[in-house]
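S.K.: got a sequence here, can you build the structure:
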Amino acid sequence: MVLNLSTTSFFDLLTNDSPLPPPPPPPNSPIVSPREAPLSSLSCNLLGIFLGVKKRTNWLLGLDLMRIDEVSDENVRVRRAVNWPWENRFTNSSIYNWLFNFSSSLVDVDMSDNPLGGSIPDAFGNMMSLESLCLSYCALEGEIPISFMNLSRIRSMDLYSNNLTGQLPELFQTLFASKNPLEILKLSWNKFSGSLPYFTSFSSLSQSSTLEYLDLSENELNGSLPDLTSFPLLRGLCLTNNKIQGRLPESIGELSNLKELDLSFNLLALEFSSNWTPRFQLDVIKLSSCILGPHFPKWLRSQSNFSFLDISSAGISDTIPHWFWDLSPKLVYLNFSDNQIHGMLPDLSLKFVKLDNIDLSSNRFKGPIPLFPRNLTSLNLSKNMFSGSIISLCTIMTDFLNFLDFSDNLLSGEKIPASFGFLDQLLLLNLRNNSFIGELPSSLKNCSILEVVDTSENKLSGQLPAWIGADLTHLSFLSFQKNEFNGSIPPSMCLLNNTQVLDLSQNKISGIIPQCFNKLYSLIQTESSWKPTDFKIPIMSRKNYYELYMLSALVQWKGKLLEYRSTLGLLKCINLSSNKLVGQIPQELASLAGLCSLNLSRNNLTGHIIQNISQMKNLEILDLSRNQLSGAIPIDLGSLNFLSVLDLSINNFSGKIPLSTQLQTFDASVYAGNDKLCGVPLNECPKDEATSVCPSTDHGKGYTNEEDEDTFVTTGLYVSAVLGFAIGFWGLFGSLMLQSSWRYTYLKLLDKIQYWIYVMIAVNTARVQRKFRG
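M.R.: Have a look, this model is predicted:
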């Protein structure tokens, strides 16, 4: 079959969705036989189709190679990977030779999301017709080749997310050596270093420069920000997360076309004169961790069209001026977090009707919670001084809201509204450290995709509801710590397969610990969780702004209440301390091999420490203090290599503390309050106890004390050692004295060894001396 594409300008193979795997290529595969046709784009995303392409040049102007996994001089086998784009991707050895021999007239090359590796070939500089080059996510390294200065027609260059290096001044000298029409330059998420050059010194740049978008984010840039007026058409400037410092030049206000300004996470100070009025009208303003304070920035008054504003961690200690709330009706995303902004908030329900993402956390706002727009997807008011009722939130109880954080405020003692149950898209609910009372509303079971629930440090009461385990099966983090819950732990809690942190401490919970806790799947797994090291909740606004909220949580860890943020996802904890639990510790807990911390202290537990506790090999913290546990400390406990915090104090343990590399390293206070316990680090055991039969963890079978056994073998051991030494010594040297040939060979061997040691010392000494002289 031959396809004649002599008049084709666009060839689209994107729409084949066959679920079947591709068959082997038939002997007579379809042949694309183009003439000198102006084919502008060939998109090779077809599943299960084999294309044989005749080796010609100058006919194909654009080729999308994103999912080609086998390439040769005579054919192209195209296959879309099942888990695109992470499987069945080509490497540099299979594509570069074909690409550079295929055509020098390509205008658009997109090879993103392929593990090419290595450095960028110089041969790209020979593709004189190239207008667009995308090599993002290709694991490339090294510097950008100097041959790129030959790309005189390049308009768009995307090298995002690689490991490319080099000094930025030399890089820009290469890219702007010729007066190319470059419009888009994306070099973010690499390892470029140095400072931004003074572009006014580039002879190839003039007021007619075509650059519209410059992204150098997530590199290792330093120095100050130069004058950018050499790029009058610049619409987007992204420099986030570098080490750029100093004052932002006021000349940036001359860039009248600028729409996106992202300088976040640098050491830049935006200290403008009081009458500075920029000529631009920004749409996106990202200045997180820049220095804007202590006063609220007045220049924002000149901006009336922004939809995204992030001035978090900006050192602002001021009130929000009244004029701000009337600035931009287009506002979608607002972030004032981590400042010292104070005062009260106005009614926002009619101010920003499009606003769907608000973060005012970690400030000093006070007064009642105001009315908000109905279409919110995320609301974070944590760590402020808001007080009074939350009845105003009823106006935003819509299907859109997926994030709600009121933690660490002064909200008055009232029940959690039952209307929260209408938030069926809610992913996170954090009400920690307020004064909520009453029972959890049963309507919350409708929020079936909740991942985080934290109502700790309130005054909630009633029994733990069974619907939590039955309906909220996606929970990763659940904390009811420091409330007034009572009753027993419902067996349905064992259905929380995704839970990594379970904190029911400091309540009035009674009954036994459920044996079915061994079904908590996430706590059984010892390998790294599929989650990252932190709990990040995605926040997507309806304008496609995508942010990640990083959960912070107070976790009882190593005897202290610590706030975890970036490493919270690594914790796997169960905390049932300070309750009224009774009965024995279930043996089934030993199967929780991934558990890092187990705190059962301050209860009324009886019985022994569980058998096979050595199976809990990731355990770092074990607190069983202030219970009524008895029996011997099992030898298995000493085999927990990661155990760094142990507290067995104030129980009824007896016998000798087993000798191990772990248990003797703890302070004596760990074992205090157990009158019948002895051995290091406590007092030595009495003679009769040292020779007695001590109970073991298998309850009934005893074992004879090892020190007692040692008294029967000590004499024999010494006699055997002396005899062995005597026989070995005289066996060797007696033979050398009687046999002269053996003696000669042995002495010759010693001489060779001595000579070899001398030579090695002399050679290495000479090397060191040469190195220092060099």
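S.K.: what's around L429, how many residues?
M.R.: Applying other CB atoms under 10 Å, we find 21 residues neighbouring L429. Backbone N, C-alpha and C define where each C-beta goes, glycine included.
S.K.: so who does it touch?
M.R.: By CB atoms under 8 Å, 6 or more residues apart in numbering, the residues touching L429 are L404, F420, L444, C447, L450, V452, V453, D454, T455.
S.K.: was I right to think the last one contacts I437?
M.R.: No - using CB atoms under 8 Å, T455 is not in contact with I437; the gap is 11.2 Å.
S.K.: which residue of these two possesses the greater neighbour count?
M.R.: Neighbours were counted for T455 and for I437 using other CB under 10 Å; T455 has more, 23 against 16.
S.K.: let me know the pLDDT of that one.
M.R.: As predicted, T455 sits at a pLDDT of 95.
S.K.: and if you look at Q611?
M.R.: Note on Q611: pLDDT of 88.
S.K.: so which strand or helix has it?
M.R.: Under the criterion DSSP states H and E, no helix or strand holds Q611.
S.K.: that one against L589, yeah?
M.R.: No - at 10.5 Å, Q611 does not count as touching L589 under the criterion of CB under 8 Å.
S.K.: higher neighbour count, those two?
M.R.: L589 (22 against 15).
S.K.: and of the contacts of L429, the nearest to E484?
M.R.: Taking CB to CB as the measure, E484 lies nearest T455 of these, at 11.5 Å.
S.K.: contacting residues for the closest residue to the closest one other than its chain neighbours?
M.R.: In this structure, T455 finds its nearest non-sequential neighbour in L431, 5.0 Å apart by CB to CB, 6 or more residues apart in numbering. L431 makes contacts with F406, S407, I416, D454, T455, N458, as judged by CB under 8 Å, 6+ apart.
S.K.: hmm, which two among these are most spread apart?
M.R.: Greatest spacing in the contacts of L431, by CB to CB: S407 and I416 (13.3 Å).
S.K.: one step back: L427: which of the contacts of L431 is nearest?
M.R.: The shortest approach to L427 among those belongs to D454, at 12.6 Å (CB to CB).
S.K.: does the closest one touch F477 like I think?
M.R.: Yes - D454 is within contact range of F477, at 6.8 Å (criterion: CB under 8 Å).
S.K.: coming back round to it: who has more neighbours, S407 and I416?
M.R.: Using other CB under 10 Å as the criterion, S407 and I416 rank with S407 on top: 25 against 22.
S.K.: okay, that one and Q500: tell me how far apart.
M.R.: Distance, S407 to Q500, by CB to CB, to the nearest Å: 19 Å.
S.K.: I609 - nearest residue in space that isn't next to it in sequence?
M.R.: P634 (5.6 Å).
S.K.: what about that neighbour, how many neighbours?
M.R.: If we define neighbours as other CB under 10 Å, then P634 has 20 of them.
S.K.: N430 now?
M.R.: N430 has 24 nearby residues by other CB under 10 Å.
S.K.: I'd guessed it sits against S382; true?
M.R.: Yes - shown here, N430 and S382 form a contact pair, counting by CB under 8 Å, at 6.8 Å.
S.K.: what sits in contact with each of these two?
M.R.: Joint contacts of N430 and S382 (CB under 8 Å, 6+ apart) are D405, F406, S407.
S.K.: so which of those residues belong to strands?
M.R.: D405 (DSSP state E).
S.K.: which one of the shared contacts of N430 and S382 is nearest K508?
M.R.: Nearest to K508 among the shared contacts of N430 and S382, with distances taken as CB to CB, is S407, at 22.7 Å.
S.K.: which stretches in the protein count as helices?
M.R.: Taking DSSP state H to define them, one finds helices in the chain at 92-102, 168-175, 467-471, 521-524, 687-690, 706-738, 740-773.
S.K.: lowest average pLDDT across the ones you listed?
M.R.: Among the helices of the chain, helix 687-690 scores lowest, at a mean of 57.
S.K.: any idea how far E212 lies from A632?
M.R.: 75 Å.
S.K.: these two: which is more packed in?
M.R.: Neighbours per residue (other CB under 10 Å) separate E212 from A632, with A632 holding more: 21 against 18.
S.K.: could you find the closest non-adjacent residue to the more buried one?
M.R.: Using CB to CB, 6+ apart and skipping the chain neighbours, the partner closest in space to A632 is G655 (4.1 Å).
S.K.: how about Q525?
M.R.: G594 (4.8 Å).
S.K.: for the one you found, which residues are in contact?
M.R.: G594 neighbours (CB under 8 Å, 6+ apart): S522, L523, I524, Q525, T526, E527, K572, N618.
S.K.: do L401 as well
M.R.: L376, T377, S378, L379, L423, Q425, L426.
S.K.: between these, which sits nearest L393?
M.R.: Among those, and counting by CB to CB, the member closest to L393 is L379, at 8.2 Å.
S.K.: you'd agree the closest one is up against N402?
M.R.: No - using CB under 8 Å as the test, L379 is too far from N402 to be in contact (10.0 Å).
S.K.: tell me the confidence at G438?
M.R.: We have a pLDDT of 94 for G438.
S.K.: for P181, that is, sorry about that
M.R.: 88.
S.K.: that one - how many residues pack around it?
M.R.: 13.
S.K.: can I assume it is in contact with L151?
M.R.: No - in this structure, P181 is not within contact of L151 by CB under 8 Å, at 10.3 Å.
S.K.: count of neighbours near S389?
M.R.: Residues lying near S389 (other CB under 10 Å) number 12.
S.K.: show me which of the contacts of L401 are buried.
M.R.: L376, T377, S378, L379, L423, Q425, L426 (16 or more other CB atoms under 10 Å).
S.K.: who's in contact with I512?
M.R.: Applying CB under 8 Å, 6+ apart to I512 gives the contacts S488, L581, V582, G583, Q584, P586.
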